[in-house]
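> Sequence first, predicted model second:
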Amino acid sequence: MAGIVAFWALGGFPSHADKPSAAPVPAEAPQLEPSTSTVCRALVAKLPDVLGGLSRRPVTAGTEQNAAFGDPPIVLSCGVAKPTVPADAQLMGLSNVCWFPDEQPDRTVWQTVDREVALRVVVPKAADGSWLVNLSAPIVAAVPATDPGPVHC
């Protein structure tokens, strides 16, 4: 009995409120070129089921090019339009991936600027950008870098 109480006290029996929402996360799925589709499928296949403690969630469309984690969801989209980056933009290099952050009132939209296939990660203000580091290894493994990459990242 003492073991069960200790297990419960250490969080072994999470409450329903601790579970992430199972509802699908809205996602767009534009038609991709075959080469882009291949890269996106490879990336999504390499993504973990848990991202820094956030469970993966289903998406409404494009399971081969989109992924979502946590609640509120962090959403990765592959094969998006390349961002227009202002000349004076501050780019951030995180674990061998170069990102352009676009701060918005309720979220930050992070877009890659050094990959052959562009990626976008939408991070709600309730979370922070540190989740991007957890995505770097699968991105580096699946999405080829441009040559040469941006010189100011």
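Good, I have the coordinates.

> element containing residue 120?
Using DSSP states H and E, residue 120 maps to strand 119-124.

> C-terminal to that strand, what's the next element?
Counting by DSSP H and E, the next helix or strand C-terminal to strand 119-124 is helix 131-142.

> circling back: quick one: list the elements packing against the strand holding residue 120.
If you count contacts as 3 or more Cβ pairs under 8 Å, 6 or more residues apart in numbering; DSSP states H and E, strand 119-124 packs onto strand 74-78, strand 107-112, helix 131-142. Backbone N, C-alpha and C define where each C-beta goes, glycine included.

> Need the CA coordinates for the last one. CSV is fine.
What follows is the C-alpha trace of helix 131-142 in CSV, where atoms were taken according to Å, rounded to 0.1, in the frame of the first residue of the first chain:
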residue,chain,number,x,y,z
TRP,A,131,11.2,23.5,-28.3
LEU,A,132,13.0,24.3,-31.6
VAL,A,133,16.2,22.7,-30.3
ASN,A,134,14.3,19.4,-29.8
LEU,A,135,13.3,19.5,-33.5
SER,A,136,16.8,20.2,-34.8
ALA,A,137,18.2,16.7,-34.9
PRO,A,138,15.3,15.3,-37.1
ILE,A,139,15.5,18.4,-39.3
VAL,A,140,19.2,18.1,-39.8
ALA,A,141,18.8,14.4,-40.5
ALA,A,142,15.9,14.7,-43.0
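
> now what about that helix, what contacts it?
Helix 131-142 has contacts (Cβ atoms under 8 Å, 6 or more residues apart in numbering) with 39, 42-43, 45-48, 51-52, 54, 69, 74, 76, 94-97, 99, 110, 112, 115, 119, 121, 123.
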